[in-house]
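[1] here is my input; please provide its structure:
(chains A and B)
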Amino acid sequence: MDAAPGPPGVSPASALPSSSWSLMASELSVLFRRLRTWAMLLALAAIPILIAAAVKLSSHPVAPGRGPPFLDRITQNGLFVGVTAMVVSVPLFLPLTVGVVAGDTIAGEANLGTLRYLLVAPAGRVRLLLIKYAAAAAFCLAATLTVAAAGALAGVALFPVGPVILLSGDTIGVGESAVRSLLIAAYIAVSLLGLSAIGLAISTFTDVPVGAMAATIVLSVVSQVADNLPQLEWLHPWLFSHYWLGFADLLRQPISWTSFSDNALLQAGYIVAAGALAYGKFTSKDVLS
Amino acid sequence: MTEASPPAELAIETQGLSKRFGHRAAVDGIDLAVPRGSVFGFLGPNGSGKTTTIRLLLGLAAATHGHIRVLGGEMPRQLATVLPNVGSLVEGPAFYPFLSGAANLRRLDSADLHASPRTRAARVDEALERVGLSHAAGKKVRAYSLGMKQRLGIAHALLRPRELLVLDEPTNGLDPQGTREVRSLVRSLSAGGTTVFVSSHLLAEVEQMCTHVGVMSVGKLVAQGTLHELRAAGKATIRLHTPDIEAAVRVLSRLGLQSELSAPPPGSYGPDGQSLVSTGPPGHEVAPETIVAALVSDGVRVRGFGVEDASLEERFVSLTGEGFDIAG
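    Numbers count the residues shown, from 1 in each chain, chains lettered A, B, ... in the order given. Prediction:
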């Protein structure tokens, strides 16, 4: 950006940061004012509610070791509803919604035709890409927090709440367990950042948002399937879904941060790689939509 | 851009601008020169490369060859400083259907690096007012008619004072009333010093609001100049009414003009005369007074005489070919 005084009618470059925030705020408002976004968040919120209701209404006690992890503990302590729901949503539901949002980032604007008007504004291609990614990341956090919050509410409403026994055998209070829940939500949100970056990159290659969404979701499934094939063991540490369910360490005392940092590092690698791909494609792309 | 850029006389200037898609040249070596302050009509049949040219001018697509300067700045290198002064409507309006008209404008305005968020609401209201959409500001764009979307698109281009407006088919989808409003809007903007570059496949529209014209055909710029120059480049037509047809034809052919009989204009010149229509080859100009003097000195009784510029339509058809074939 040139620092020279612009032509008349143009505020100086010092207006830059505030207008970037302005576009970010606009991006978030477009994302979260969409009916589709609310439908997806509501569907995510329904998962812990369904789990809690099913456990409550079932006459048989849940046998330990059957069903999703922590399911057997729900009846003793409602705080486990949220954790169970997060475990259930990680393989499919969360990647599904994240795939929709991330795949829509650029392709959705191209499909509406608004991409050309954003670019001639001029939004700046790199700036637009960064803001689109930031909004997708915000959605990752909103999606996981929705599951956690709906889980906490359903758990408190339907089951007794008390001190929680951790995997390490230690007991923590209700307040501390809420913090652990939020940590797990943060872990999962971070887990989804790599997938979001992949979705953004795919989104720069097409004007058909549904295609980009589907490709992103399919990739998340492929990565998880590959992670389950022992023949591909050499590949496992490189798969973006490898640490998706590795948040059990956050339920120990003291907390073991190894898996959190391994996961964050892996996701950062995917953000850099997919970001570079998105940058390379989008900054040289002919916008003909 | 540390040195003060000289005030360019041309708002848009391209040299050898080309864009290829595979083997097909959508834009093929065009040299546009759009003077500042002009209303430049960018004419051409559908598919002649107008919209592609506009995308190149605005930095949406990269040129295969050639140079572009917009408002004195090289595109797309100086895009960030040039585009805030350019308002545009490219290939029809495009909006978020789930947002209201006003919310759409606020959203697109927030993408402008230099637009002040403080004045945003006021500027949006003003732009909506200007295109007569204030009453529908809060309505979702999903519920807008095509004409309303078109107006909203023009409002978007007017969100800030601009030095250059690039309007791609601005009257598309508008009713005659809306078309008139756009024309008067363009005139008032032009009177305020804004250069307007307006593409159209409708001749009448260009003829009524433009000072300059460029004609595209199959990716090439086949003519460019003031409206008057473009008309003059066509064949001027002499219309003569006289009883002395044979003598008149002789005099006219001596002057290099070809003549043929035509039906006299209704209700004119008495019963005993006949009408002639004469044209010279393009570029062959004979002053009307010379023609009349020659006719009179040879004893031709001139009862009616007129010079008609070639209509722009004839010129346009001769440049781009007739019919509805989509080029390319």
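[2] which residue packs closest to the closest residue to chain B within the stretch 101-250 of chain A, ignoring adjacent ones?
    In the stretch 101-250 of chain A, the residue that lies nearest chain B is residue A:113 (2.7 Å; Cβ to the nearest Cβ). The C-beta positions use only the backbone N, C-alpha and C, and glycine is treated the same way. For residue A:113, ignoring the flanking residues on the chain, the nearest one in space by Cβ to Cβ, 6 or more residues apart in numbering or on different chains is residue B:94 at 2.7 Å.
[3] does the one you found count as helix, strand or coil?
    Secondary structure, DSSP: H, G, I helix; E, B strand; the rest coil: residue B:94 is coil.
[4] that one: neighbour count?
    Applying other Cβ atoms under 10 Å in any protein chain shown, we find 25 other residues in the vicinity of residue B:94.
[5] what's the spacing between it and residue B:46?
    According to Cβ to Cβ, to the nearest Å, residue B:94 stands 19 Å off from residue B:46.
[6] same thing with residue B:294?
    Separation of residue B:294 from residue B:46 (Cβ to Cβ) stands at 45 Å.
[7] of these two, who's got more company?
    Counted by other Cβ under 10 Å, residue B:294 and residue B:46 do not tie: residue B:294 has more neighbours, with 16 against 13.
[8] what's the average pLDDT for the host helix or strand of the more buried one?
    Assigned by DSSP states H and E, residue B:294 belongs to helix B:288-297. Mean pLDDT, computed over helix B:288-297, is 87.
[9] can you pull out the strands in the stretch 101-250 of chain B?
    Assigned by DSSP state E, counting those that start in this stretch, the stretch 101-250 of chain B shows strands spanning B:164-168, B:195-200, B:212-217, B:220-226, B:237-242.
[10] can you lay out those strands as JSON lines showing mean pLDDT and mean neighbour count?
    Listed next are the strands of the stretch 101-250 of chain B as JSON lines, based on pLDDT from 0 to 100; neighbours: other Cβ atoms under 10 Å in any protein chain shown:
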{"stretch": "strand B:164-168", "mean pLDDT": "95", "mean neighbour count": "24"}
{"stretch": "strand B:195-200", "mean pLDDT": "93", "mean neighbour count": "25"}
{"stretch": "strand B:212-217", "mean pLDDT": "91", "mean neighbour count": "25"}
{"stretch": "strand B:220-226", "mean pLDDT": "90", "mean neighbour count": "18"}
{"stretch": "strand B:237-242", "mean pLDDT": "82", "mean neighbour count": "20"}
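[11] pipe those strands into a markdown table and attach distance to chain A per row.
    As requested, these are exported to a markdown table (distance: least, Cβ to the nearest Cβ, whole Å):
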| stretch | distance to chain A |
| --- | --- |
| strand B:164-168 | 9 |
| strand B:195-200 | 13 |
| strand B:212-217 | 18 |
| strand B:220-226 | 20 |
| strand B:237-242 | 43 |
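[12] among those, which is nearest residue A:205?
    Closest of the strands of the stretch 101-250 of chain B to residue A:205 is strand B:164-168, at 25.8 Å (criterion: Cβ to Cβ).
[13] would you mind measuring from residue A:41 to chain B?
    In this view, residue A:41 and chain B are 16 Å apart by Cβ to the nearest Cβ, to the nearest Å.
[14] picking up where we left off before, the residue nearest to residue A:113 against residue A:120, yeah?
    No - using Cβ atoms under 8 Å, residue B:94 is not in contact with residue A:120, being 11.3 Å away.
[15] can you tell me the SS state at the residue lying closest to residue B:294 once chain neighbours are set aside?
    Spatial nearest neighbour of residue B:294, excluding adjacent residues (Cβ to Cβ, 6+ apart): residue B:251 at 5.2 Å. Classification of residue B:251 using three-state DSSP returns helix.
[16] same deal with the one 10 residues further on?
    The assignment at residue B:261 comes out as strand when based on three-state DSSP.
[17] from chain A, how far out is it?
    For residue B:261, the distance to chain A equals 53 Å [Cβ to the nearest Cβ].
[18] what's the burial count for that residue?
    For residue B:261, using other Cβ under 10 Å, the count is 11.
[19] and if you look at residue A:163?
    As a burial measure, residue A:163 scores 14 neighbours (other Cβ under 10 Å).
[20] now residue B:78
    By other Cβ under 10 Å, the residues close to residue B:78 number 18.
[21] quick check, pLDDT for it.
    Residue B:78 carries a pLDDT value of 91.
[22] could you do residue B:209 as well?
    So, for residue B:209, pLDDT stands at 88.
[23] so it touches residue B:198, yeah?
    Yes - under the criterion of Cβ under 8 Å, residue B:209 makes contact with residue B:198 at 7.3 Å.
[24] who touches both of those two?
    Here residue B:209 and residue B:198 have B:39, B:41, B:186 as joint contacts, going by Cβ atoms under 8 Å, 6 or more residues apart in numbering or on different chains.
[25] how is the second one assigned, secondary-structure-wise?
    Put simply, residue B:41 is strand when judged by three-state DSSP.
[26] contacts only, for the residue of the stretch 1-150 of chain B found nearest chain A.
    Using Cβ to the nearest Cβ, the closest approach of the stretch 1-150 of chain B to chain A is made by residue B:94 at 2.7 Å. Neighbour list for residue B:94: A:112-114, A:116-117, B:153 [criterion: Cβ under 8 Å, 6+ apart].
[27] look up phi and psi at it.
    Backbone torsions for residue B:94, taken as degrees, to the nearest 10, come to phi -140, psi 130.
[28] buried ones in the longest strand belonging to chain B?
    Assignment by DSSP state E gives strand B:10-21 as the longest strand of chain B. For strand B:10-21, the neighbour count (16 or more other Cβ atoms under 10 Å in any protein chain shown) marks B:10-14, B:17-19 as buried.
[29] separation between the closest residue to chain B within the stretch 151-289 of chain A and residue B:15?
    At 3.8 Å from chain B, residue A:286 is the closest residue in the stretch 151-289 of chain A, using Cβ to the nearest Cβ. Counting by Cβ to Cβ, the separation of residue A:286 from residue B:15 is 20 Å.
[30] swap in residue A:269?
    Per Cβ to Cβ, residue A:269 is found 45 Å from residue B:15.
[31] and what of residue A:168?
    Relative to residue B:15, residue A:168 is positioned 73 Å away (Cβ to Cβ).
[32] in contact with the closest residue to residue B:215 other than its chain neighbours, which residues?
    Spatial nearest neighbour of residue B:215, excluding adjacent residues (Cβ to Cβ, 6+ apart): residue B:223 at 4.3 Å. If you count contacts by Cβ under 8 Å, 6+ apart, residue B:223 has them with B:213-215, B:230, B:233, B:315, B:319.
[33] try residue B:39
    Remark: with contacts taken as Cβ under 8 Å, 6+ apart, residue B:39 is in contact with B:186-187, B:190, B:195-196, B:198, B:209-212.
[34] check these and tell me the two furthest apart.
    Across those, no pair lies farther apart than B:187 and B:212, at 14.3 Å, counting by Cβ to Cβ.
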